[in-house]
Each structure stands twice: as C-alpha cells, then as structure tokens.
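> no sequence for this one, just the structure:
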Ligand SMILES: [Zn+2]
C-alpha cells in the first residue's frame, strides 16, 4: 500500500452507528428480485438491476418514460422513436438542502466551517468470509441500485474474494487491516462480529476512516441478522450503511430517502429514492476533492436541472432507451415476462436497435443483433452502424448522424436463466433479458465510460 502525503488537518475518523426502529412489517419482502433467476454473483455488481414489475421486466433504473409524455421522432428500421423532456428529477433547491444537511464534518484546523466528504477512491466492497452465501444476492442487488446513480468511473465493484475476519489481535487493528478504498461488509449475528467492531447499538454500524495508515478511505459495515431480515429489510439497511460509507453521515427526516431512519425500511428498496439518486450523483460529480474531504459550499453544485431528456424506442411490446439529466445517463429496457429459461438446440437470433447517449449526452443510435447457441447458452451481441447527433436532441434518420468511434461494439455473452451478461469483447457491461413466453423479444442495457444505451429486438430465428 503506497502511503500518500496527507495533510494532518484532514485526518478524520467517524464512527457512525444508529439504533434502528423496525416497523412491524419490513415492506415489500422479496418483490424486487427477478423471481426464478439464479442468485446474483459479485461479478454482476457492475451490471444493471433487473426488476420484475407488474407489467413486465425492467432492466436499469426506474426511468422508463411514458409514451404520453413523449413525441414521435421517426422510425429506425422497425423501431418507433420517441423523444421528450420530462420533469422527473430533483430540483437544485432540494439537492442543495439535502447535501447541506449532510455537511456535518468539521476540522480542528477550521472550526465552524461545515465539511463534506466523499470516498475518493473507486470503492471496492468485500463481503466477510463469515457471512452466509445467502446474503450475497442482497448485497449485489443494493450495489447495482447505487451504481445506477454513480458516475461510471466511481461505480462500486464487489470483490469475488471474501474479506478476512480479524483474529482479534490488536495488531490487526493497529495496522489498519482494511486496505484503502475497500468497504468490508458483514451480515451475521452480533456475537460473531469482531469485538473491536461492535458499535454501542445492536442493529448495524459503519466506521469510515480517511487518512489512516493505509493512506486512504476504508470502511466496514456490520448488520445484525438477529434483527434485520433477509430481503427488503436487509437491502434497506445495507443501502443506508453504504450511503454512510460514501459520505452521507446525517440521518434526514422529511425526505423519502434511505437516510430517513423514521421510515426507510418501510418502503421497498426496488429502486433508490429519487433524492438519493440525485444527491449521490451530485456529490460524486460536483463535490469531490483530491483528499475526499472539503469545506462545503452548496453553490458548488453549479448548473442543475430537474428535467430529463428521454429517448425511447418501441418494437412490438419491447421498449428501451435512456434518460439524460445533468450528465447522468440512465439506460433501460422493458418487455413482457419471460417463461423460465432459454433452451433448445441450434441457434436463436434476435435483431433490433440501440438508443442512448454518449458520455457528453449526445444522442446515439445503431443496430443490435444477438445470436445464442441454445446448447451452450453462449452467444454474441453486436452493435453496429453506431452514430450520434447533438446534445439532448432527437436523433435524425438512420445515416444522418456522425459515426461514433469506429461504428460498432461487440460482446460475447452468457445466458443465466432468462438473463444474459457480457463475458468478453469490448469494454463495458451488458445486462440483458429475454422477453415473452417464447423469448420472442430481448432487451437490455450496455454501459461504458464513453456511452450508455438501452437496446431491444425481436426474434427472427
Ligand atoms: Zn445511520
């Protein structure tokens, strides 16, 4: 671990813990998981969330725009394009208020000035070796929801390696055994937590330290499974504690937020609440600092809008697209519920389109073609003819834009249940689902540092 020069006045350690009031009902049970699918694995932390809803399956965040809010904008092949502006984000005033309430840090060097902090390294979560496998799916699910609100280069990954449980020797703690940039997450009954890591209350706790011997931020989170149940309740508490680790130190009333200890376990964490999405994105794009800790000035938020520009494509009953607001690009796809599992012999193929944005919020479109070997459940997903138009503007007809990079992207994919994810090819993450009882549709999202888009298509073979 490389030691970094660190100004002494920034040395800062906070032990945050809270007494959780658990309502009689923990909310929506397991309704947010995609039923009948394999449990999520650590490698999928960077993939998009997949959610079963009353009207079908949604990939990506809860940003699917209604056709009634959009205007027709032509055809791309068999796909009807719609675009429009929708006021679906949080206002500058509310984001500033929320972050002002989070600026609870202070420095002995600079008393009286509120400070705000961020986890300045790209965070890596490691699940404790003592945590039961059955909680892994909940951890990955929550990380996917949080990642949908973070800029691409700040997204949290989850290590496939489990985190050590310290021996109890003082040396472990004196050497600050958690590496910089890591958040160790443990779920277990409190009597199994390391004694040094038991907060004074018994539900959950997080410690965040910055500028310690390892030269960067590190955190651990413990959740008491004697009190917190699997499913929605565990995900709500995890989201709350990870938000603490990311720099949200204050409990906040008066907002529907995972930081509202009065009610946050009472609503299902199917998606991150809107204020959490916008405040997290604002914190990690407008308030970051080299050392992760700086005096807070709400005006550093800069230009901010509550109105998104939406791109949407529709082909039969598959829809897909992306939302763009303040530089946050959120791709999505939606279609009817699948039957269970793709099977058969030979190849199956789907074709359709892609719609999204470049990292500079320029509208982006192209073709999407998927072929799967039904025996091996592996396949190839190709995007080609990729072209872009202006910032937050409707795309023109096919061929009227400017070629994006070399015009195509390709991924090898593997099928798990009714979902597919990338295994190789170009950089980025692909999260897809087969739609309909005969898997007659497919759709998903592709996310990279330089673009994010939804895609969808129909089966022709
Ligand atoms: Zn808390």
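Right, received. Where do you want to start? Note that this is a predicted model, so its numbers are computed, not measured.

> Low-confidence ranges, the protein, go.
1-34, 171-175, 200-201, 208-215, 264-265 (pLDDT under 70).

> Tell me which residue lies nearest the centroid of it.
Central residue of the chain (Cα atoms, centre = their mean): residue 147, 2.1 Å from the mean position.

> Need the single longest helix in the chain, by residues.
When the chain is parsed with DSSP state H, its longest helix is helix 232-246.

> helices and strands around it, which ones?
helix 136-147, strand 182-188, strand 204-210, strand 218-224, helix 274-286 (3 or more Cβ pairs under 8 Å, 6 or more residues apart in numbering; DSSP states H and E). (C-beta placed from N, C-alpha, C; glycine too.)

> can you put these in CSV and add distance to residue 86?
Output for these, formatted as CSV (distance: least, Cβ to Cβ, whole Å):
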stretch, distance to residue 86
helix 136-147, 21
strand 182-188, 34
strand 204-210, 35
strand 218-224, 35
helix 274-286, 12
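
> of all the ones you listed, which lies closest to residue 161?
strand 182-188 (10.7 Å; Cβ to Cβ).

> contacts for that closest one?
Residues outside strand 182-188 that contact it (Cβ atoms under 8 Å, 6 or more residues apart in numbering) are 119, 123-128, 130-132, 135, 138-139, 156, 163, 165, 178, 193, 218-225, 228, 234, 238, 241-242, 245.

> related to what we said a few turns ago, nearest approach to residue 69 belongs to which of the helices and strands packed on helix 232-246?
Nearest to residue 69, of all those, is helix 274-286, at 16.2 Å by Cβ to Cβ.

> Just the residues contacting the closest one, thanks.
Contacts for helix 274-286 (Cβ under 8 Å, 6+ apart): 61, 88-90, 94-95, 98-99, 102, 116, 118, 146, 148-151, 154, 239, 243, 246-248, 255-259, 272, 300-302, 304, 326-328.

> what about 6 Å?
89-90, 95, 98-99, 118, 149-151, 154, 255, 257-258, 300-302, 328 (Cβ atoms under 6 Å, 6 or more residues apart in numbering).

> In strands, which of these fall?
residue 328 (DSSP state E).

> What is the neighbour count of residue 460?
11 (other Cβ atoms under 10 Å).

> Oops, could you answer that again for residue 168 instead?
10.

> List buried residues within the contacts of strand 182-188.
119, 123-128, 131, 135, 138-139, 156, 163, 165, 178, 193, 218-225, 228, 234, 238, 241-242, 245 (16 or more other Cβ atoms under 10 Å).

> May I see the domains of the protein written out as residue ranges?
8-25+90-301, 307-459 (automatic domain parsing).

> what about the last one, start to end distance?
What it means is domain 307-459. The straight-line separation of the ends of domain 307-459 (Cα to Cα, to the nearest Å) is 35 Å.

> Number the residues from 321 up from this point.
From this message on, residue numbering opens at 321, which makes the last subject domain 627-779.

> what separates that domain from the chain centre, distance-wise?
The chain centre lies 18 Å from the centre of domain 627-779; the measure is Cα atoms, centre = their mean, to the nearest Å.

> Just say helix, strand or coil for the closest residue to residue 745 other than its chain neighbours.
Distances taken as Cβ to Cβ, 6 or more residues apart in numbering place residue 731 nearest to residue 745, at 3.9 Å, with adjacent residues excluded. For residue 731, the assignment made with DSSP: H, G, I helix; E, B strand; the rest coil gives strand.

> And for residue 660?
Three-state call for residue 660 (three-state DSSP): coil.

> give me the number of residues near it?
Residue 660 is flanked by 12 other residues according to other Cβ under 10 Å.

> If any of the contacts of helix 594-606 are buried, put those into a ChimeraX selection.
Buried residues within the contacts of helix 594-606, by 16+ other Cβ under 10 Å, are selected in ChimeraX with:
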select :409,410,415,418,419,438,469,470,471,474,575,577,578,621,648
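
> Filter the contacts of helix 594-606 down to just the ones in helices.
Of those, the ones assigned to helices by DSSP H are 415, 418-419.

> Switch those residues over to CSV; also include distance to residue 776.
Formatted as CSV, these follow (distance: Cβ to Cβ, whole Å):
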residue, distance to residue 776
415, 32
418, 34
419, 36
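
> all strands in the stretch 621-770 of the chain, in order from the N-terminus.
628-635, 638-645, 648-655, 667-678, 682-693, 698-711, 722-723, 729-736, 739-745, 749-755, 761-767 (DSSP state E, counting those that start in this stretch).

> looking at the helices and strands packed on helix 552-566, which is closest to residue 629?
Nearest of those (Cβ to Cβ): helix 594-606, 15.6 Å.

> Nearest residue to residue 752 in space, please, no chain neighbours.
Spatial nearest neighbour of residue 752, excluding adjacent residues (Cβ to Cβ, 6+ apart): residue 764 at 3.0 Å.

> you'd agree the one you found is up against residue 379?
Yes - counting by Cβ atoms under 6 Å, residue 379 is a contact partner of residue 764 at 5.1 Å.

> Find residues that contact each of these two.
Common neighbours of residue 764 and residue 379, using Cβ under 6 Å, 6+ apart, are 653, 751.

> Of those two, which one has the most company?
residue 764 (34 against 27).

> what are the bridge partners for that one, then?
According to DSSP bridges, the partner residues bridging residue 764 are residue 752, residue 775.

> how much space is there between it and residue 362?
To residue 362, residue 764 is 20 Å away according to Cβ to Cβ, to the nearest Å.

> residues near residue 717, how many?
With other Cβ under 10 Å as criterion, residue 717 counts 12.

> Let me see the contact set for it.
For residue 717, the contact set (Cβ under 6 Å, 6+ apart) is empty.
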